[in-house]
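Enquirer: I'll drop the sequence and a predicted model, then ask my questions.
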Amino acid sequence: MLEIILVRHGETAFNATGTFRGHADVPLNETGLRQAQLLGLNLSSEKIDIVYSSSLQRAVKTAEAIAAPHKLKVIVTEGLQEIDFGRWQGVSLAEVKENYKELYQDWLDTPEQVRFPGGESLEDVRKRALPFVQDAVIRFGEGKIVLVSHRVVCKVLICALLRLDNSYFWSFKMDTGAVTRFTYDGNKTTLTSLNDTSYLKPLNLQGRKDF
């Protein structure tokens, strides 16, 4: 049996201010660093066999906090890179709502049909992220693997592993620092935990948004 532990990176200033991130290499803020620390502590008692991460520093730092107690080296892959938001990258949610009214509404209503101006679509993300995960699962076979990535990638992978299309993107939340788990029995993947942030209770975070 293989367990897939899917982790969204900790909080950044862009998350806190409602700014689209994409490929912008923004670091973890103070809250994000504490989230990563608590995540590493939470997973330290489990036998983690391998840790993969997006190459963006917010993901790498989160992954390093997980890997350190196990004396593992983080393996960086472009397959887990966040979606390219194109011209939305570095732009606030308020500005996007004002300047891209129709496209933003499409993003809420039919996310599977949206391609960001100068950027990617959810299907682009799925085509690079899912094969990487499938190869890792087949290559590793059993144990526990951790994949540290980003909101869009995590959501797309959850849909894919549940055999759902990208139209289900908004059907669940994915908070910063959240942990989602699947088991793989050699035939199918089964969701066992979704968007778990229970270990973050010491931070007393209120009103967190899926952004």
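Expert: Yes, it's here.
Enquirer: all helices of this protein, in order?
Expert: 13-17, 30-43, 57-67, 93-99, 101-109, 122-140, 151-161 (DSSP state H).
Enquirer: roughly how far out does the fourth one sit from the chain middle?
Expert: Averaged C-alpha coordinates place helix 93-99 at 23 Å from its chain's average position (CA atoms, centre = their mean, to the nearest Å).
Enquirer: and the most centrally placed residue in the chain, how far is that from residue 188?
Expert: Compute the mean C-alpha point of the chain, and by CA atoms, centre = their mean the closest residue is residue 150, 2.9 Å away. Plainly put, residue 150 is 25 Å away from residue 188 if you go by CB to CB, to the nearest Å. Bear in mind the C-beta positions are built from the backbone N, C-alpha and C, glycine included.
Enquirer: And residue 160, by the same measure?
Expert: In this view, residue 160 and residue 188 are 13 Å apart by CB to CB.
Enquirer: Of the two, which one has the most company?
Expert: The neighbour comparison of residue 160 against residue 188 (other CB atoms under 10 Å) goes to residue 160, with 18 against 11.
Enquirer: give the contact list for that one.
Expert: With contacts defined as CB atoms under 8 Å, 6 or more residues apart in numbering, residue 160 is in contact with 126, 129, 130.
Enquirer: wait, which of the helices of the chain is closest to residue 77?
Expert: helix 122-140 (6.1 Å; CB to CB).
Enquirer: Return the set of buried residues in stretch 168-181.
Expert: Under the neighbour-count criterion of 16 or more other CB atoms under 10 Å, stretch 168-181 has 169, 172, 174, 175, 176, 177, 178, 179, 180, 181 buried.
Enquirer: Only alpha carbons, please: show that stretch as PDB.
Expert: Presented in PDB, the C-alpha positions along stretch 168-181 are these (Å, rounded to 0.1, in the frame of the first residue of the first chain):
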ATOM      1  CA  TYR A 168     -15.100  20.200  -9.900                       C
ATOM      2  CA  PHE A 169     -12.200  22.600  -9.100                       C
ATOM      3  CA  TRP A 170     -14.400  24.700  -6.700                       C
ATOM      4  CA  SER A 171     -16.100  21.700  -5.000                       C
ATOM      5  CA  PHE A 172     -13.600  21.700  -2.100                       C
ATOM      6  CA  LYS A 173     -11.200  24.000  -0.300                       C
ATOM      7  CA  MET A 174      -7.400  23.900  -0.200                       C
ATOM      8  CA  ASP A 175      -6.100  26.200   2.600                       C
ATOM      9  CA  THR A 176      -2.400  27.200   3.000                       C
ATOM     10  CA  GLY A 177      -0.600  24.500   4.900                       C
ATOM     11  CA  ALA A 178      -3.400  22.000   4.300                       C
ATOM     12  CA  VAL A 179      -2.800  18.200   4.100                       C
ATOM     13  CA  THR A 180      -4.700  15.900   1.900                       C
ATOM     14  CA  ARG A 181      -4.200  12.100   1.900                       C
END
